[in-house]
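Q: Please find the sequence and the predicted model below.
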Amino acid sequence: MMQLNNQVHDPFVKWKAVSAALICGLSLTACNRQPQASAPPVPEVATVTVARQQVLLTTALPGRTSPYRIAEIRPQVNGLIQKRLFTEGSDVQAGQELYQIDPAPFQAALDNSKAALGRAEANLPAIQSRADRYKEALADKAVSQQDFDDASAALKQAQADVQYYKATLETARINLNYAHVVSPISGRIGTSTVTDGAIVTAYQPIALASIQQLDPIYVDVPQSTTELLRLQRRLEEGRINRDGTNVNQVQLILGDGTKYPLEGTLQFRDISVDPTTASVILRAVFPNPNGILLPGMFVRAVVKEGVSDQAILVPQQAVSRDPKGNPVALIVDAAGKVEQRMLTVDRTIGDQWLVSSGLAPGDKVIAEGMQKVRRGAAVKEVPFVAGQKPGAEPAKAAQPASKSN
């Protein structure tokens, strides 16, 4: 018992006990002084306020160019090609001679017809005089009626012979002219299927060459009947109008994506539906003075539908898709919270969507910052500026460098 009391009253033991108590007290104080977790900041989003506006609606349709006029050159008489008088692939003018067929047999036929006509015309006066005399003699009963009838018939036959040989002469002259094969139109001529010395026949199935007029040029564009009916329904409902809009003007996008510098004119819309494609053909005429457009090129024609006075446009990045593929958008309601809207979109116009339903004027659509918000969450709005993310400071103008002394 005396030994235990001596250990308790030992100064070294007391110092150790006091030190342990101080360490525990300091540890508890440090634990109580740890900072509490702060609330997360309100996310910032960029919004676009929806407003109705007037928009010109257009449709880009694929099409193909075709020549304004095309002429297949065929001979109109039989004969031997003496010479080809054009350069393949060159531009030719209407009336320009293309081939020379040997004219000798046609010249001989012409001379023969001239001689036959001359002989018939030489016999006509004598027969005419005889008929006149028989007519006078018949009045005096100097000749019989039969003699007069014979003389009158001979006169008519002689007159008919003159007309026949005149027609024969004209035919020979036409055939001689056909020996010179000329171009019926102005345009660009292709390759020749015959060479000098070839024998050709009149109206043969194989053309000697083809000429295509390229200025102006046609652009044929198929339009589906579904699109055509939808356009007619919109016009009837008054959703679009064509007042003050020249819907006959058509623009053209070339195969490399560049815009054709000249506008065309919509000439007609076919009334027959192609049963294989369920489409009708729109034909437009484009000027082609520089020969940029060639037959058979694939192009896109931008056709004007009309003007929508109550169109709603939102940036494309403001519209996303739900798991079912339906277009949706996030808006900020009056309480400053995020709300989701189901949309019906029509088409893209530039970098914006044309919205048919789901939005109303005054709605604030989130265009930037959608990834960091969820439905029902409170957000902070800032105006949407294209190309600038929310929360980013606007770029400062560069200051000129100060000159050192």
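A: Done, it's in. This is a predicted model, so every value here is computed, not measured.
Q: so Ser90 sits right up against Thr191, yeah?
A: No - if you go by C-beta atoms under 8 Å, Ser90 and Thr191 don't touch, sitting 11.4 Å apart. (Glycine included, C-beta is placed from N, CA and C.)
Q: got the contact list for Ile185?
A: If you count contacts by C-beta atoms under 8 Å, 6 or more residues apart in numbering, Ile185 has them with Arg69, Ala71, Ala94, Ile211, Gln213.
Q: at 10 Å instead, please
A: Neighbour list for Ile185: Pro67, Tyr68, Arg69, Ile70, Ala71, Val92, Gln93, Ala94, Gly95, Ile211, Gln212, Gln213 [criterion: C-beta atoms under 10 Å, 6 or more residues apart in numbering].
Q: Now do the nearest residue to Ala120 once chain neighbours are set aside against Ala142, distance only.
A: In space, Ala120 comes closest to Asp161 once its chain neighbours are excluded; the distance is 4.2 Å by C-beta to C-beta, 6 or more residues apart in numbering. Going from Asp161 to Ala142 by C-beta to C-beta, to the nearest Å gives 28 Å.
Q: ditto for Val379
A: 130 Å.
Q: same question, Asp322
A: In terms of C-beta to C-beta, Asp322 sits 118 Å off from Ala142.
Q: Confirm the residue nearest to Ala120 sits in a helix?
A: Yes - per DSSP: H, G, I helix; E, B strand; the rest coil, Asp161 lies within a helix segment.
Q: Could you give the number of residues near Ala301?
A: Using other C-beta atoms under 10 Å, the number of residues around Ala301 comes to 25.
Q: Extract the CA atoms of the helix or strand it falls within and return them as PDB.
A: Using DSSP states H and E, Ala301 maps to strand 298-315. The C-alpha coordinates for strand 298-315 follow below in PDB (Å, rounded to 0.1, in the frame of the first residue of the first chain):
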ATOM      1  CA  PHE A 298     -25.800  16.500-111.000                       C
ATOM      2  CA  VAL A 299     -26.800  19.800-109.300                       C
ATOM      3  CA  ARG A 300     -29.000  21.000-106.500                       C
ATOM      4  CA  ALA A 301     -31.800  23.400-107.300                       C
ATOM      5  CA  VAL A 302     -33.000  25.700-104.500                       C
ATOM      6  CA  VAL A 303     -36.700  26.200-105.200                       C
ATOM      7  CA  LYS A 304     -38.700  29.000-103.400                       C
ATOM      8  CA  GLU A 305     -41.900  27.700-101.600                       C
ATOM      9  CA  GLY A 306     -43.100  31.000-100.100                       C
ATOM     10  CA  VAL A 307     -42.900  33.300 -97.100                       C
ATOM     11  CA  SER A 308     -43.800  32.300 -93.500                       C
ATOM     12  CA  ASP A 309     -44.700  35.300 -91.400                       C
ATOM     13  CA  GLN A 310     -45.000  33.500 -88.100                       C
ATOM     14  CA  ALA A 311     -41.800  31.300 -88.200                       C
ATOM     15  CA  ILE A 312     -40.000  30.300 -85.000                       C
ATOM     16  CA  LEU A 313     -36.200  29.700 -85.300                       C
ATOM     17  CA  VAL A 314     -33.800  28.400 -82.600                       C
ATOM     18  CA  PRO A 315     -30.100  27.600 -82.900                       C
END
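Q: ok, Val379 and Ala142, which is more surrounded?
A: Val379 (21 against 11).
Q: residue boundaries of the strands in the stretch 51-200 of the chain?
A: Assigned by DSSP state E, counting those that start in this stretch, the stretch 51-200 of the chain shows strands spanning 52-73, 79-84, 91-92, 97-101, 180-182, 187-189, 199-200.
Q: distance of Asp346 from Gly255?
A: 27 Å.
Q: So for those two, which sits in the more crowded spot?
A: It is Asp346, of Asp346 and Gly255, that has more neighbours when counted by other C-beta under 10 Å, with 16 against 9.
Q: Now the more buried one. Nearest residue, chain neighbours left out?
A: Leu354 (4.3 Å).
Q: ok, that neighbour - contacts?
A: Per C-beta under 10 Å, 6+ apart, neighbours of Leu354: Val55, Leu57, Ser308, Ala311, Ile312, Leu313, Val314, Val345, Asp346, Arg347, Thr348.
Q: quick one on the thing from earlier: select, out of the strands of the stretch 51-200 of the chain, the one closest to Pro222.
A: Of all the strands of the stretch 51-200 of the chain, strand 52-73 sits nearest to Pro222, with 7.1 Å by C-beta to C-beta.
Q: Pairing partners for that closest one, with directions?
A: strand 209-224 (antiparallel), strand 298-315 (antiparallel) (DSSP bridges).
Q: would you turn these into JSON lines with mean pLDDT?
A: Output for those, formatted as JSON lines (pLDDT from 0 to 100):
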{"stretch": "strand 209-224", "mean pLDDT": "92"}
{"stretch": "strand 298-315", "mean pLDDT": "85"}
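Q: now those strands in TSV, with distance to Gln76?
A: Formatted as TSV, the strands paired with strand 52-73 follow (distance: least, C-beta to C-beta, whole Å):
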stretch	distance to Gln76
strand 209-224	15
strand 298-315	37
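Q: Of these, which is nearest Leu231?
A: The nearest among the strands paired with strand 52-73, by C-beta to C-beta, is strand 298-315 at 5.7 Å.
Q: how about that closest one: buried residues?
A: 299-308, 311-315 (16 or more other C-beta atoms under 10 Å).
Q: Show me which of those residues is closest to Ala46.
A: Distances from Ala46 to these, taken by C-beta to C-beta, are shortest for Pro315, at 9.7 Å.
Q: State the number of residues packed around the residue nearest to that closest one when sequence neighbours are not counted.
A: Residue nearest to Pro315 in three dimensions, not counting chain neighbours: Ala367, with 4.9 Å by C-beta to C-beta, 6+ apart. Using other C-beta under 10 Å, Ala367 is surrounded by 23 other residues.
Q: mind giving me the domain split of the protein?
A: Listed domain ranges for the chain are 47-54+311-383, 56-67+213-308, 78-101+182-206, 103-178 (source: automatic domain parsing).
Q: in the stretch 101-250 of the chain, which segments are predicted with low confidence?
A: 237-247 (pLDDT under 70).
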